[in-house]
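*Asks:* return a 3D structure for these sequence lines:
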Amino acid sequence: MARLSPQFEHLYRRAGFGLSAGDRERFDPYAPVVSPRSGRTLSRGTGGGSYRQAVESMVGYNPAATDVDARIGTPGYVNITSNGPFTPNRDIGHARQRWLFRMVHSPAPLQERMALIWHHHFATAVSKIAGVYGPLDSTRLMAAKPSEDPVRLRGQIELFRQNALGSFRDLLIQVAQDPAMLVWLDGVTNFKRQPQENFGRELMELFTFGVEHYTEADVYAAARVFTGWNLQVSGSIGSGNAAFRFFYNANEHDTAAKDFSFRIYSRGFGRTGQIPARSASAGMQDGIDLIHALAYHPETARRMARRLWTWFVSETETPDAGFVRSIAQTYLNNHTNMRAVMRAVLMSPQFQDSRNHFKRYAWPAEYVVRSLKEVGHLGFSVNDALNPMLGMGQQLFEPPDVNGWDIGPLWFSTGAMLARMNFASALATSQRAALRDAARPFRTTPESLVGFAYDTLTMPPPHASETAALTNYVRMGSTWTGSDQQLLAKTAGVFHLLTGTGEYQFV
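*Replies:* Prediction:
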């Protein structure tokens with residue numbers, strides 16, 4: 001099997017979720033194809049494209065063409081499981097299945113990856129919302145797709161998908177007004193007689209410039225800024241039909257001036273560290289001014305650049321100072337536009353540097369989706385990945401706290417690694433027949449079969465000792481003839497062993 005070049009595979013592994021056989025054909029117009037043995041370029045692909053064009057195809061997707069939900073339940077796609085109608089707007093288990101389905105099949109994988117990253121960055125757990133509004137409405141607040149909702153409610157994850165590569169400043173405003181966030185960080189109780197500090201604190205500490213750059217007085221001032229940013233609910237709560245919308249309650253807004261230890265920028269012009277006194281009717285501008293100031297703060301630009309280093313470049317190396325400067329400047333020069341920022345990240349020499357390949361620890365969602373794309377999913381249901389993912393330490397729509405998940409090496413406890421290995425076994429076993437059929441052209445020798453597996457999975461180049469061990473495994477038991485019976489047993493075994501290795505846990 002011909003492979004795309006390591007640079008292109010790196011792009012699709014990091015900015016997407018790996019490469020299925022169909023992906024290789026779809027992306028071939030952009031990517032050179034290399035020999036799996038010599039590493040020599042065999043062709044430039046049917047379109048004679050370049051790495052820059054491949055990046056542009058990632059960041060320049062058309063949002064209108066990325067809805068794959070209509071394919072759920074159709075042949076050729078990963079299965080879903082449902083006792084009765086599939087209702088991802090109302091059942092959180094179904095919502096988790098739908099999101100995994102999208103990650104596997106979306107023609108815009110970077111959109112789904114950014115939605116997952118924003119879910120971590122703006123961590124919100126459905127369980128707290130369910131404790132207030134019940135399971136039906138909490139699922140809607142987190143996952144509702146407007147076209148399928150009785151009152152066209154947009155869930156938080158749909159907000160992230162729609163704004164995946166938009167203005168970070170605008171995303172902050174929409175998050176501040178998002179019904180799920182208003183419940184999660186207690187904006188529903190932010191009234192002038194007793195300002196609620198949770199959202200203002202996390203806006204500064206987690207969402208923008210970080211804990212070192214604000215004071216406790218800033219937290220109280222921020223709480224006052226957002227007084228009256230409340231939630232209006234109409235209809236029967238718990239029915240799955242209630243309407244939830246952001247509501248600026250002018251009567252509950254603190255109209256006095258608010259002082260900050262950092263400069264406030266209103267409509268792009270620098271001011272002192274004060275938001276002036278305003279009438280109650282105009283008071284919503286206080287929150288816009290503060291968000292604008294934080295979004296455009298140079299420390300926010302630098303912190304976002306460092307986070308993007310961790311999310312896309314390397315978790316084993318300290319963020320490169322040149323990368324941080326360059327990405328932070330791109331962020332500011334482009335008015336916080338994340339499409340420009342991500343284009344710069346993926347085109348950066350640090351991202352492309354082969355020394356940074358396989359230097360990120362795969363999140364459970366990444367590991368599961370990449371395995372489904374690369375091993376196969378014929379007859380497999382994404383529902384069967386949910387409990388394994390929980391064992392690996394990640395449940396979609398349920399980050400453990402406001403900090404999101406403990407990413408990096410903390411994913412790899414003994415129990416979590418066992419969950420990964422068990423998932424690899426279950427998936428490979430379920431794909432035995434399909435893997436046998438795909439391996440038939442490589443049945444001549446054990447070495448050829450092992451090479452086919454390595455070329456199917458986007459993995460680092462193998463060590464000779466690993467290849468020898470896998471070849472011995474294929475030979476074990478009887479003289480190798482390449483019969484269908486041998487292929488049925490051994491091909492799945494090789495894929496199980498490879499996807500359970502330490503190397504496959506890195507992207």
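*Asks:* quick one: the helices in the stretch 201-350 of the chain?
*Replies:* Under the criterion DSSP state H, counting those that start in this stretch, the stretch 201-350 of the chain contains helices at 216-225, 284-295, 298-308, 321-333, 338-347, 349-352.
*Asks:* most tightly surrounded among those?
*Replies:* Burial of the helices of the stretch 201-350 of the chain is given as mean neighbour count (mean count of other Cβ atoms under 10 Å); helix 284-295 ranks first at a mean of 22. For the C-beta atoms, the positions are set from N, CA and C on the backbone; glycine is no exception.
*Asks:* what sits against Phe207?
*Replies:* Applying Cβ atoms under 8 Å, 6 or more residues apart in numbering to Phe207 gives the contacts His121, Phe122, Leu172, Val175, Leu294.
*Asks:* could you do Arg26 as well?
*Replies:* Pro107.
*Asks:* Asp406 now?
*Replies:* So Asp406 contacts Gly393, Pro400 (Cβ under 8 Å, 6+ apart).
*Asks:* Asn190 too?
*Replies:* Taking Cβ under 8 Å, 6+ apart, one finds Gln196, Phe199, Ala223, Phe226, Thr227, Gly228, Trp229, Asn230, Glu252 in contact with Asn190.
*Asks:* now Leu386
*Replies:* Leu386 neighbours (Cβ under 8 Å, 6+ apart): Gly93, Arg96, Gln97, Leu100, Gln395.
*Asks:* for PyMOL, write a command that selects the buried ones of those residues.
*Replies:* Selection of buried members from the contacts of Leu386 for PyMOL, criterion 16 or more other Cβ atoms under 10 Å:
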select buried, resi 96+97+100+395
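*Asks:* got TSV for the contacts of Leu386, with pLDDT, secondary structure and distance to Pro6 too?
*Replies:* Converted to TSV, the contacts of Leu386 look like this (pLDDT from 0 to 100; DSSP: H, G, I helix; E, B strand; the rest coil; distance: Cβ to Cβ, whole Å):
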residue	pLDDT	secondary structure	distance to Pro6
Gly93	98	helix	38
Arg96	98	helix	33
Gln97	98	helix	33
Leu100	98	helix	27
Gln395	98	coil	33
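*Asks:* dump the strand or helix carrying Leu470 to PDB, restricted to CA.
*Replies:* Assigned by DSSP states H and E, Leu470 belongs to helix 464-475. Taking C-alpha atoms only, helix 464-475 is exported to PDB below (Å, rounded to 0.1, in the frame of the first residue of the first chain):
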ATOM      1  CA  ALA A 464      13.900  -3.700  13.300                       C
ATOM      2  CA  SER A 465      13.300  -5.600  16.600                       C
ATOM      3  CA  GLU A 466       9.500  -4.700  16.500                       C
ATOM      4  CA  THR A 467       9.200  -5.800  12.900                       C
ATOM      5  CA  ALA A 468      11.000  -9.100  13.700                       C
ATOM      6  CA  ALA A 469       8.700  -9.700  16.700                       C
ATOM      7  CA  LEU A 470       5.600  -9.200  14.700                       C
ATOM      8  CA  THR A 471       6.900 -11.300  11.900                       C
ATOM      9  CA  ASN A 472       7.600 -14.100  14.300                       C
ATOM     10  CA  TYR A 473       4.000 -13.700  15.700                       C
ATOM     11  CA  VAL A 474       2.600 -14.200  12.100                       C
ATOM     12  CA  ARG A 475       4.800 -17.300  11.600                       C
END
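*Asks:* following that helix, which helix or strand shows up next?
*Replies:* With DSSP H and E, the next secondary element past helix 464-475 is helix 484-499.
*Asks:* against which helices or strands is that following helix packed?
*Replies:* With contacts defined as 3 or more Cβ pairs under 8 Å, 6 or more residues apart in numbering; DSSP states H and E, helix 484-499 has these neighbours: helix 364-375, helix 414-430, helix 432-439, helix 446-456, helix 464-475.
*Asks:* tell me, how many residues neighbour Ala256?
*Replies:* Around Ala256 there are 12 other residues, counting by other Cβ atoms under 10 Å.
*Asks:* next up, the contacts around it.
*Replies:* Ala256 makes contacts with Arg224, Ala277, as judged by Cβ under 8 Å, 6+ apart.
*Asks:* if we use 10 Å, what do you get?
*Replies:* Lys192, Arg224, Ile275, Pro276, Ala277, Arg278 (Cβ atoms under 10 Å, 6 or more residues apart in numbering).
*Asks:* now swap in Arg420 and tell me
*Replies:* Arg420 touches 362, 364, 367-368, 371, 388-389, 391-393, 411-412, 499-500, 504-505, counting by Cβ under 10 Å, 6+ apart.
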